[in-house]
Each structure stands twice: as C-alpha cells, then as structure tokens.
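In: here is a sequence with its predicted model. Questions after.
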Amino acid sequence: MLRKLAALPGGRRGKWVVIALWALVLVPALMLAGRLTGAEENDNAAWLPAGAESTAVVERAQKLMPADTVPAVVVYDRAGGITGADLAKARADAAAFRGIDNVVGTGRGPVRSADGEALETIVQVRKDASGWEGLGRVVDAMREVGTRDAGGLGFHVAGPAGYGADSIKAFGGGGALTTITALVVVVILLLTYRSPLLPLLTLVTVGAALTAAEALIYLLAEHAGLVVNKQTSFILVVLVFGAATDYALLLISRYREELLRHEDRHTAMARALHRSGPALVASAATVAVSLLLLMLADLTSTRGMGPACAVGVVVALAAMVTLMPALLVCCGRWIFWPGKPVAGAPAPSRTTGWDRVGRAVAARPRAVWAGTALVLAAMALGTLGLNASGLSNKDQFTGRPQMAVGEEIHAAHFPRGTGDPLYIVTDAGAAARVGRAVAGVAGIAGVGDPVAKDGQAVLLAQLTAEPSSRAARETVVRTRAAVHRIEGAGAQVGGSTAVMVDTEDAAARDSAVIIPIVLAAVLLVLALLLRAVVAPLLLMATVLLSFGAALGVSALVFEHVLHLAGADASFPLLAFVFLVALGIDYNIFLVTRIREDTAVHGTRRAALSALSSTGGVITSAGVVLAGTFAAMASLPLVFALQLGFAVAFGVLLDTLVVRSVLVTALTLDAGRWMWWPSALFHRRDEGTEPDGEAGRLPAYSGR
C-alpha cells in the first residue's frame, strides 16, 4: 500500500493530476491569503492571557468608561527652555489633535515641566477595528501636526498609543522578511546543488505551500475563532520556508540516488518517496504535534500561534510529497543540469569529510560522546543568566524609535507614571476603602476620585515608575495584595502594566505545563517511528543537551554582546518548542537511515554509512533552516532577533555537532542495544562481536 501511494505523485498520469489539483487549490488560495492581514488581531485582546485579572478588569471597566481608548503622551522639549511661542504652538496643536479621526475628548494639557524644558499633552485615542494600524494612522497625523512649523521644538508621541504605532511599523517589515528569507534559501540551494534550476523549482513549491497555508489559516481565523497576529504571521513565513526546503532537500537527495539506479524517472521517484516518506512524515508530525500543544497555553498569542504554525508545517509537507515530486518528474533529469544523474553510473566513491568524521568518532566513541556532552552541558550553564521576565516598551525595539526617545525625554522632565495609570475596579460601596488602601502602596503617586455606575466603581492610580518597568510591575503586585485583602470589595487591578505582570505569570505557567508534555509527545513519535525504547531516550537526551547549550550561549550573547535589557516572557517556551521540534528532525533523518542500513550492515557499520550518505543533505538542510530563522533579525524587534538567533544557532549546533558527533558516537557505543527491544536488536554487527568495541570496526570509505 505504501509503495502504491508513493508512486502516485510521480506517476505517468498521476503527476498531471497532482499539478492540476494544486492549480485548482491555488486560484482561490491566492485571494484568501491576501486577506490574512485583515484577519489579524493586534490589539490587547489578541495578547492578553485568558482568565487573567487584567482581562477581567477590561470587561468590568467597559460599563464605567470608554474601554476602547488608549492614551497618547505628547512630549515637547527644548534644551534652552520652553518659550511662550512653544506653549502657544502646543495649545494650537492640542486643538488640532481633536480634529483627527479617532481622537476623543478634549485631552489634558499642555502642562509645563517643573524645570521649564518640556511640555506634556495627553490625548485619548480610540482603537477602531483595525487595531494597531488605526493607532498608527492617528499617531502619524499627530506627528504631522506637531512637527509643522516647530522651529526646533522637539516633538514625540509616547505612551501606549506611541508604542502601538511604532510596533505596527516594526511588524510592517514582514514583506521584506519574506524577500530576505527567499533570497537566503535561493543562495544556499545554489551552493548546495550547483544548479540554477533546482532552487527555482523548490522556491515555486515553497511559495505554493505558503500561499495555501495562509489561505487555510485565514479561513480558520474567520470561521473557527483562531487568533492570529503579526507575530504569528512572520514566524509562519520563516517556518514554512525553512521546513519545506528541508523536506525538499531530503527528497531531492533520495531522488538523485534512485536516478543512478533506475532508467525510468517515474520509478526512481516512487522509490525515493517510499524510502524518504517515513522520515519526512515523522519529522513533520513531530513539529506539528509540538506546535499544536501550544494550544494548552494561557497566553492568547501563544495559543493562537500553535495551530497556525502547525498548519504551515503540514501544508509544507503536503506540497513536498505531492507537488514537488510531480514537478521534478515532469522536468526530467535535465533539472539537475549541469550535473545530470545517469542511470547505471557508479555512485561517487571519493572519501568525504563526513567519512573522516565517522572514522575519528569510531576510534573512541565513548570518549567522544562523553566529552561532547560535557561541553554542551557547560554551554548550558549560560541559561542561569537568562533574564526572561519581560521587556519595557522601549526595550522591545532593536533601535530607538520615536516612542522610545519620547519616553526618555518624558522621564527626564515629568513624573514617570503620567498618562498610563493602573485601573482598579471595585464594588461602589467599597470604593473609598479601596482608594485609601491603594494610596498607601509604595510606588503609587496618587489616586483619582472613583467613577461609579450600576454598583461598580473604577479608580485610576498613577505610578511613580515608568509604566512598563520592573519597578512598576512590582507595584502592581503590591497593589493587588492590598486591595484583595479588603473584604467584600471584589477589587481587581488592571491596566497596561498589570497586563505585563499577567503575561509574565502566564508565560511561566505555560512553560511549566507545556514543556513536559512536548517532551512526552516527541518521545512517543520517536518510539513509534523507530519501534524501540533505547534509541528514542538517547535522542531526546541529545536534543535536551542541545537546547540547553543553545539557550545558554544565546543568553550570554544577548547580555554581553548585544547588550539587550532582557528577553520576552514567552521566549524560553517558544525557543524550546522550535529547537526541540526542529532539532529532532535531523536526528530523525539520520537515525531512520541508520535503521534502514542496519538490516544490511549491522548497527555500527550502519551508523558510519548513514553519516556518510546523509551528511551533506542534512548539513544543507540545517544551514537553510538556520538561514531562514536568522532572517528574522531584519525586523527591528528584540523578540524576533532573539528567537531568530537562538533557533539558528541551535539548529547549526544540532546539525554540525549533535547529529554528526554525539548521536553517531552514542550509536557506535550502544551498538545493537539502540534498537532494544525490536527485532533489529538481534541483528549482529558485521566484523565485530555482538558487544564489541566500535573501534574494532573495519574502516568505512563511503557508500
């Protein structure tokens, strides 16, 4: 049955059917994929942790005050001191702001700072259905007003509205990210294949997969309640490009091998799919299952990212086992030009670098794996210095957008908490007691009068610290402790700072719950694929070592090289899922080949033959995936830079060290015990005793 299925995409008639079906799918998919941006939810609701106290405050406060507004903190500054003309301009600007669509109320200010060098105006901006895009348009209009005829007067828009506007501009680099990712893939494939044609065929198939995936995700967002935001969209692009290209590399490598054995290209493709199919399916299943488990997250953004990215991986696999084989067979052998494979030609017999690596590892496998494991464990110690407690608004950008500059100027001249207060919602009868309790909390600068309606009241409390700082978040914790002690008040604390606290708590909970489940799921997939117990356990141990090492080195680079303020609260979990799920891919590609060759040569000889035959293609796949994730650094966002660096470094570590050295050494040392308790456990190695040392193996000199 498997052989018959494998023969369908590259069959004489099947290839045309497959291409026709993909053409029919892509016609509507092109239109639907373009609508995905409109289905994104980039406001707070798309990021808030479900069930958090800050979420409840938003719902309760809707009846008491406009819940769809955010403050824009307008800052003017002049080093020599604010002049009368500057004050007159700021007043005229405040009047002009009220004429901008989605600016509500009369605002507050302008207010002169105590040192006389700055002015502050606070404007309330309504968020419409377009979310951050709407904020961006309002802030752009305000900047146009504020910078006109400024005469050297500094103008910046800070606060939540300024942050939202600069964020949407940073995420707006998604189109450039797609282009950069595609260029990275093409360059690496050109170097790998030394053919100008195969990269183009791969790129066409990857483009079809990405289009189909985006269309399907759009339908899920519109009709199944899937929450998608900008963060999910740019990770989806990188993941589909990387995973699909990896699958293409493995398939094309097997196809080329079979073309050397078979005159008929249809037969060669059927054999290639039959032999590579289990590894491809297991790889995609591991990644998809790991991503789907993110649906267990409390963070709404993380929970929505999981199924969206899982759809991308599954569609990428579908494209590479259907459309790619059909296109390859249609093109014929000339697609490999200028190095066309000829049926009956001997396989290259030259000694490769991977043969030399295999012989070096085989000389003393136990010492090699023990030494490699110790080095990786030492690298993992860097995780002790990882600060993943979240970032302030201005620290979330790799550069200094105007919002960050505005916040620095504002903090230098005004009380830091102005414009972004805490919201305390309580029963109206307890409002006075709650107000007194909040006023006595360290870090609270002042509490406004309660606004009451229908038995509920809301109070606004100004912070002494910058609202997105660690000090402000600690104030939220103290404030909650104070109001929760008041019996019968039902008081809850919200606001943007409280959202950060709840996000950090939810991220810690998500990591504690999801990481063990992902490990169990990946272990189960490996056990089913390899039909063994020992091999999956050893592979999981190597992946965990690799993850720890990658995260440890990343933490050191973030702090001591890039001098970043910290990491996003969700970074460790997402780095874990991507590194474990993607890192296990290369172990799957290698170990399934070892298992296949074990039936002929025995485990130890198979370990060397598999390393030799898969070394080039797996290395190329790792470099492609690392390159696509590294492209994320093109976005001016700390989260994208950190996730891209960690995954890229981890994938290269998996490819060049863990898979080639650590796993090979463990397999050589364990021998047939790798396959216990399957039937392969009883297959003795050629040239050695059943439990002999791998060093007694005859030298292996290629395939």
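Out: Looks like it came in fine.

In: the lengthiest helix in the chain: how far from the chain's middle?
Out: For the chain, the helix reaching the highest residue count under DSSP state H is reported as helix 496-530. Its chain's average C-alpha position is 14 Å from that of helix 496-530, according to C-alpha atoms, centre = their mean, to the nearest Å.

In: quick one: mean pLDDT over it.
Out: The pLDDT scores in helix 496-530 average 88.

In: can you name the next helix or strand after that helix?
Out: helix 534-556 (DSSP states H and E).

In: mind listing what's buried along that following helix?
Out: For helix 534-556, burial by neighbour count (16 or more other C-beta atoms under 10 Å) applies to 534-536, 538-540, 542-556. To be clear about C-beta, it is placed using only N, CA and C from the backbone, and glycine gets the same treatment.

In: okay, that helix in PDB with CA atoms only?
Out: Extracted C-alpha coordinates of helix 534-556, given in PDB (Å, rounded to 0.1, in the frame of the first residue of the first chain):
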ATOM      1  CA  VAL A 534      16.700   3.000  23.900                       C
ATOM      2  CA  ALA A 535      17.200   5.000  20.700                       C
ATOM      3  CA  PRO A 536      14.300   7.500  21.500                       C
ATOM      4  CA  LEU A 537      15.600   8.000  25.000                       C
ATOM      5  CA  LEU A 538      19.100   8.700  23.800                       C
ATOM      6  CA  LEU A 539      17.900  11.000  21.100                       C
ATOM      7  CA  MET A 540      15.800  13.000  23.500                       C
ATOM      8  CA  ALA A 541      18.700  13.400  25.800                       C
ATOM      9  CA  THR A 542      20.900  14.800  23.000                       C
ATOM     10  CA  VAL A 543      18.200  17.200  22.000                       C
ATOM     11  CA  LEU A 544      17.700  18.500  25.500                       C
ATOM     12  CA  LEU A 545      21.500  19.000  25.800                       C
ATOM     13  CA  SER A 546      21.500  20.800  22.500                       C
ATOM     14  CA  PHE A 547      18.600  23.100  23.600                       C
ATOM     15  CA  GLY A 548      20.300  23.900  26.900                       C
ATOM     16  CA  ALA A 549      23.500  24.700  25.100                       C
ATOM     17  CA  ALA A 550      21.800  26.900  22.500                       C
ATOM     18  CA  LEU A 551      19.800  28.800  25.200                       C
ATOM     19  CA  GLY A 552      22.900  29.200  27.300                       C
ATOM     20  CA  VAL A 553      25.000  30.700  24.600                       C
ATOM     21  CA  SER A 554      22.100  32.800  23.400                       C
ATOM     22  CA  ALA A 555      21.700  34.300  27.000                       C
ATOM     23  CA  LEU A 556      25.400  35.200  27.000                       C
END
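
In: what is that helix packed up against?
Out: helix 365-380, helix 496-530, helix 571-601, helix 638-653, helix 664-670 (3 or more C-beta pairs under 8 Å, 6 or more residues apart in numbering; DSSP states H and E).

In: okay, and the beta partners of residue 397?
Out: Beta bridges link residue 397 to residue 637 when assigned by DSSP bridges.

In: residues touching it, list them.
Out: 166, 170, 404, 636-638 (C-beta atoms under 8 Å, 6 or more residues apart in numbering).

In: go on, residue 110?
Out: Counting by C-beta under 8 Å, 6+ apart, residue 110 has contacts 74, 76, 87, 90-91, 94, 119-121.

In: filter those down to the buried ones and hand me the ChimeraX line.
Out: To isolate the buried ones among the contacts of residue 110 in ChimeraX, judged by 16+ other C-beta under 10 Å, type:
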select :74,76,90,94,119,120,121
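
In: what stretches of the stretch 1-150 of the chain score poorly on pLDDT?
Out: In the prediction, the stretch 1-150 of the chain carries residues with pLDDT under 70 at positions 1-6, 42-50, 65-68, 128-132.

In: tell me where it has helices.
Out: Secondary structure of the stretch 1-150 of the chain (DSSP state H, counting those that start in this stretch): helices located at 2-7, 14-33, 36-39, 53-61, 84-97, 132-147.

In: I'd like the ones you listed as CSV, with distance to residue 238 appended.
Out: Below are those laid out as CSV (distance: least, C-beta to C-beta, whole Å):
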stretch, distance to residue 238
helix 2-7, 29
helix 14-33, 16
helix 36-39, 15
helix 53-61, 30
helix 84-97, 39
helix 132-147, 21
